[in-house]
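1. okay, structure incoming, though there's no sequence with it:
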């Protein structure tokens with residue numbers, strides 16, 4: 001039944017509501033590294049200004065200025081060491097928190113909505129051509145710069161063989177050669193929920209599952225059909241009936257899109 005349940009959730013319930021049950025590691029409280037960095041930056045400016053004054057100061061003030069610069073530089077060294085240790089501690093803390101979360105949810109996640117791909121675009125990326133391949137392309141297009149399609153077959157051990165006229169679009173320019181690749185990007189992310197969160201969400205939706213049985217041989221019964229329906233505040237959302245070996249009949253009656261958080 002689980003694929004049927006998640007399909008209804010993905011199709012009939014607002015995506016923003018589904019995101020509310022997305023399983024994510026807890027955010028860690030960051031160390032106040034930024035404040036320490038600002039203090040270090042201010043100290044660097046004081047050292048720079050002090051060095052300029054030291055170079056033009058009279059002999060009577062040089063000893064005092066030199067002592068102050070040494071003190072500031074020692075303090076700056078301590079600040080930089082503190083920042084380094086804080087960054088290491090923060091990184092270790094984040095890794096530790098992620099490991100703890102991953103161990104907790106391992107094997108307990110349910111895919112509520114699959115990742116949706118689309119938004120296909122042509123991406124222009126630099127490519128390093130061999131001298132021989134570039135000369136072959138120039139001969140193919142009859143110019144030093146221009147565009148043509150090309151593809152490569154082979155491996156690093158035996159080498160690659162280029163075929164012109166098919167494959168990705170290659171653009172030759174005076175400064176840099178480029179490859180135009182067709183790429184798809186996620187239109188909508190996947191949603192993974194912990195079992196307990198999904199169960200609570202189904203309770204909020206007032207999801208009902210009904211199993212219909214029919215007599216079989218002897219004392220046994222076989223599953224005739226399964227029906228799932230969801231409601232919200234007595235407002236029927238949708239119903240799906242699955243009949244084994246006979247496909248799926250779907251009955252959906254929407255009285256408005258359930259996509260507003262205030263409904264919850």
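-> Nice, thanks for sending it over. These numbers were taken from a predicted model, which means no experiment stands behind them.
2. which ones are touching residue 116?
-> 186, 187, 188 (CB atoms under 8 Å, 6 or more residues apart in numbering). All C-beta atoms are positioned from the backbone trio N, CA, C, and that covers glycine.
3. which pLDDT value goes with the closest residue to the second one other than its chain neighbours?
-> Setting aside the residues directly before and after it, residue 187 is nearest to residue 118 in space (CB to CB, 6 or more residues apart in numbering), at 4.3 Å. Reported pLDDT at residue 118 in the predicted model: 80.
4. a helix runs through residue 118, doesn't it?
-> No. Applying DSSP: H, G, I helix; E, B strand; the rest coil, one finds residue 118 to be strand, outside a helix.
5. re earlier: can you lay out the contacts of residue 116 as a markdown table showing pLDDT and neighbour count?
-> Output for those, formatted as a markdown table (pLDDT from 0 to 100; neighbours: other CB atoms under 10 Å):
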| residue | pLDDT | neighbour count |
| --- | --- | --- |
| 186 | 77 | 11 |
| 187 | 79 | 10 |
| 188 | 79 | 14 |
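6. just the element for residue 107, please.
-> Secondary structure assignment for residue 107, by DSSP states H and E: no helix or strand.
7. please identify which of the contacts of residue 116 is nearest to residue 74.
-> residue 186 (50.5 Å; CB to CB).
8. over to that closest one. Which of the three states is it?
-> Secondary structure, three-state DSSP: residue 186 is strand.
9. can you point out the buried residues in stretch 44-52?
-> Going by neighbour count (16 or more other CB atoms under 10 Å), the buried part of stretch 44-52 is 47, 50.
10. mind checking how far the helix or strand harbouring residue 83 is from the chain centre?
-> Assigned by DSSP H and E, residue 83 falls within helix 59-105. Distance, stretch centre to chain centre, for helix 59-105: 31 Å (CA atoms, centre = their mean, to the nearest Å).
11. repeat for stretch 135-143
-> 41 Å.
12. give the buried residues for that stretch.
-> residue 137.
13. what mean pLDDT does it have?
-> So the average pLDDT for stretch 135-143 ends up being 93.
14. quick one: contacts of that stretch?
-> 129, 144, 147, 148, 150, 162, 164, 165, 170, 172.
15. still on that earlier bit, tell me which helix or strand comes right after the helix holding residue 83.
-> Assigned by DSSP H and E, the successor of helix 59-105 is strand 109-113.
16. name the helices or strands packed onto that following strand?
-> If you count contacts as 3 or more CB pairs under 8 Å, 6 or more residues apart in numbering; DSSP states H and E, strand 109-113 packs onto helix 2-12, helix 15-19, strand 191-194, helix 195-204.
17. centre-most residue in the protein?
-> residue 189 (7.7 Å; CA atoms, centre = their mean).
18. I'd say that one and residue 114 touch.
-> No. Residue 189 is not in contact with residue 114 according to CB atoms under 8 Å; the separation is 9.8 Å.
19. where does the stretch 1-150 of the chain dip in pLDDT?
-> The stretch 1-150 of the chain contains residues with pLDDT under 70 at 1, 4, 8, 11-13, 25-32, 85-98.
20. one more time with 80, if that's ok
-> 1-18, 24-36, 52-65, 78, 80-108, 119 (pLDDT under 80).
21. ranges for the helices of the stretch 101-250 of the chain?
-> Taking DSSP state H, counting those that start in this stretch as the test, the helices found in the stretch 101-250 of the chain are 131-141, 195-204.
22. closest to residue 19 out of these?
-> Proximity to residue 19 (CB to CB) singles out helix 195-204 among the helices of the stretch 101-250 of the chain, at 11.4 Å.
23. now the closest one: buried residues?
-> Buried residues in helix 195-204 (16+ other CB under 10 Å): 197, 198, 201, 202.
24. strands of the stretch 151-264 of the chain, start to end?
-> 159-164, 168-172, 177-188, 191-194, 208-215, 221-232, 235-242, 248-251 (DSSP state E, counting those that start in this stretch).
25. distance from the second one to the middle of the chain?
-> Going back to what we said before, that points to strand 168-172. 29 Å.
26. tell me the angle of that strand relative to strand 177-188?
-> Strand 168-172 runs at 140 degrees relative to strand 177-188, counting by axes from the mean of the first three to the mean of the last three CA atoms, to 10 degrees.
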